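K.L.:
Structure for this input, please:
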Amino acid sequence: MKQYTLIGPDAQPYRSSTPGTLGGHRGQQLYGRLDCPSALRAIARGEYVAQRVFFADEPTAIAAGYRPCGKCLPTEYATWKERRSVPLIHTTVETPIGEIALLGDGEGLCEIRFDVADIPPDSPRADADPILRESARQFRGYAEGLRETFDLPLRPRFGTSFQRAVWDHVARVPFGTTTTYGEIADVLGVGGAGARAVGAANGANPLPIVVPCHRVIGARGALTGYAGGLDRKRTLLAHEGALLAV
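P.N.:
Numbers count the residues shown, from 1 in each chain. Next up, the predicted model:
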């Protein structure tokens, strides 16, 4: 059986029995269709080839840190560019894992950042914004053990259809319980090999705690794969009384 070398969500190569559906340029951190005219012209001139990489699908390319090509994926590129052009407003709040930053666009909660030092320099503080104020109130209730769920308008600024499907499923994992990457892959119909893609989507979740990606663990109960670090993951699960489940 022929084997293909693809780039995974961790930006590392792996072997696959099926070819990639998207091509990319490692140096430019760009991905596009295999028949992208710009890429094909560069290849015909003898350029590009050394930097050429391949992805199984769009979620994997995005998780690996690549951006869509403006020539062959104009709609995806326009969406990617727009989401990065408008500054978000922010507030901060104390949680069981320390002070975090809540970022919104005036209509919903867009991002949650573990480190307040990571607040974008062009993001103004807006403690009086109604959505951020309500978000902070609900987080304080969660920190005090008075709230197990969040009821907020969520507006993540990015996310492929697959990533959003993973996040929607993760959002329904109950307080005090855990699930695994493989279980989510099975529910979404992507099989055991899809657990890797589920892990990448989980790691790209822009709204941790509200979309409780800390409740997703390894097949044998290992506390793996948390963007905020395993100490934070362990603290959140302990706060929710879920450590016995792992």
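
K.L.:
now the strands: where do they sit in this protein?
P.N.:
For the chain, the strands defined by DSSP state E occupy 4-7, 13-16, 22-25, 30-33, 52-55, 67-68, 89-95, 98-104, 109-113, 179-180, 216-217.

K.L.:
Distance check, residue 179 against residue 41.
P.N.:
Going from residue 179 to residue 41 by CB to CB, to the nearest Å gives 46 Å. Glycine gets a C-beta too; all of them are placed from N, C-alpha and C.

K.L.:
tell me the pLDDT at residue 99?
P.N.:
Per-residue pLDDT puts residue 99 at 97.

K.L.:
what's the answer for residue 188, then?
P.N.:
With respect to pLDDT, residue 188 scores 86.

K.L.:
now swap in residue 85 and tell me
P.N.:
On the pLDDT scale, residue 85 is placed at 72.

K.L.:
Ok, which of the strands of the chain comes nearest residue 130?
P.N.:
Smallest distance to residue 130 across the strands of the chain (CB to CB): 9.7 Å, for strand 98-104.

K.L.:
circling back to that earlier point, neighbour count winner among residue 179 and residue 41?
P.N.:
residue 179 (18 against 11; other CB atoms under 10 Å).

K.L.:
who are the neighbours in contact with that one?
P.N.:
When contacts are counted by CB atoms under 8 Å, 6 or more residues apart in numbering, residue 179 touches 170, 173, 215-217.

K.L.:
I'd like to know how far it sits from residue 220.
P.N.:
In this view, residue 179 and residue 220 are 14 Å apart by CB to CB.

K.L.:
what do you get for residue 72?
P.N.:
Remark: distance between residue 72 and residue 220 (CB to CB) = 42 Å.

K.L.:
neighbour count winner among the two?
P.N.:
Applying other CB under 10 Å to residue 72 and residue 220 shows that residue 72 carries more neighbours, namely 20 against 8.

K.L.:
From the centre of this structure, point out the most distant residue.
P.N.:
Residue farthest from the centre of the chain, counting by CA atoms, centre = their mean, is residue 45 at 36.4 Å.

K.L.:
Would you mind giving both backbone torsions of that residue?
P.N.:
Note on residue 45: backbone dihedrals following degrees, to the nearest 10 are phi -80, psi 0.
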